[in-house]
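In: 3D, please:
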Amino acid sequence: MRVNMKDLGTKTLETERLILRKFELNDVEELFYNGYITDEIMTKNMSWSPCKNIEEQYNIIKKWIEQYENNDYYRWLIVLKKTGEFIGGIDVCNLYKKKDYGEVGYCIWSKYWNNGYATEALRRVIEYLLLECDFHLVEAHHAGFNPASGRVMEKAGMKKDGELRERRLDKETGVYTPQVYYSILKDEL
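Out: Sure thing, here's the model as predicted:
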């Protein structure tokens, strides 16, 4: 039976080690100088390029903050509880309201990789979207040249749906790789 999603928007979420909260304009300087959106190692796995200057980053984050007025907008800054350090972001990058599902994207600054933070943040967002917002399904995907992201999805409880051939261009090598899709249904939590 279909249940329509609830538009609850970006609420502060917590895990054992993380706080997921809205971006704020006073975060811009720390985000820029500590690597968010400018981390070239992290952004090589993303479909977007690093910001060239702080003004560019300011304009992006200002746009994100303006979107918080919409209750169907979901974008979080990932913060370490213990230190208050900003370590990445996670959002619903595509929302399919007529089908009650959304696509999640995430990034963790490279200096924080291999600590389980991406899995912890993704798992919490999945729970929020499926249980509180009544999404039917949450999906995510990664480029074939980034299998570590697939492991994050699996550890968060998602199942591999399949691959679409040559859908992503590796910016470094100029070679097309598959786009690998994962999802989790509400009844699989």
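In: quick one: which helix or strand includes Glu127?
Out: Remark: Glu127 resides in helix 117-127, with elements defined by DSSP states H and E.
In: give the rounded mean pLDDT of that helix.
Out: Helix 117-127 shows an average pLDDT of 98 in the prediction.
In: could you say what helices and strands that helix packs with?
Out: With contacts taken as 3 or more CB pairs under 8 Å, 6 or more residues apart in numbering; DSSP states H and E, helix 117-127 sits against strand 13-14, strand 18-21, strand 75-80, strand 86-96, strand 101-108, strand 137-143, helix 147-155. Backbone N, C-alpha and C define where each C-beta goes, glycine included.
In: just the C-alphas of that helix, formatted as CSV.
Out: Below are the C-alpha coordinates for helix 117-127, written out as CSV (Å, rounded to 0.1, in the frame of the first residue of the first chain):
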residue,chain,number,x,y,z
TYR,A,117,31.8,8.1,9.2
ALA,A,118,30.2,7.9,5.8
THR,A,119,28.4,4.7,6.7
GLU,A,120,27.3,6.1,10.1
ALA,A,121,25.9,9.3,8.4
LEU,A,122,24.3,7.4,5.5
ARG,A,123,22.6,4.8,7.9
ARG,A,124,21.1,7.7,10.0
VAL,A,125,19.8,9.6,7.0
ILE,A,126,18.3,6.3,5.6
GLU,A,127,16.5,5.7,8.9
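In: what's the angle between it and helix 147-155?
Out: 40 degrees (axes from the mean of the first three to the mean of the last three CA atoms, to 10 degrees).
In: tell me how far helix 117-127 lies from the chain's centre.
Out: 9 Å (CA atoms, centre = their mean, to the nearest Å).
In: and the longest helix seen in the chain, what's buried?
Out: The single longest helix within the chain, with elements called by DSSP state H, is helix 54-67. Residues of helix 54-67 classed as buried by neighbour count (16 or more other CB atoms under 10 Å): 57-58, 60-61, 64-65, 67.
In: return the closest of these with respect to Leu122.
Out: Ranked by distance to Leu122 (CB to CB), these are led by Trp64 at 18.9 Å.
In: ok, and what's touching stretch 148-160?
Out: The contact list for stretch 148-160 (CB atoms under 8 Å, 6 or more residues apart in numbering) reads 45, 106, 113, 116, 118-119, 122-123, 126, 138-140, 142-143, 180-184, 188-189.
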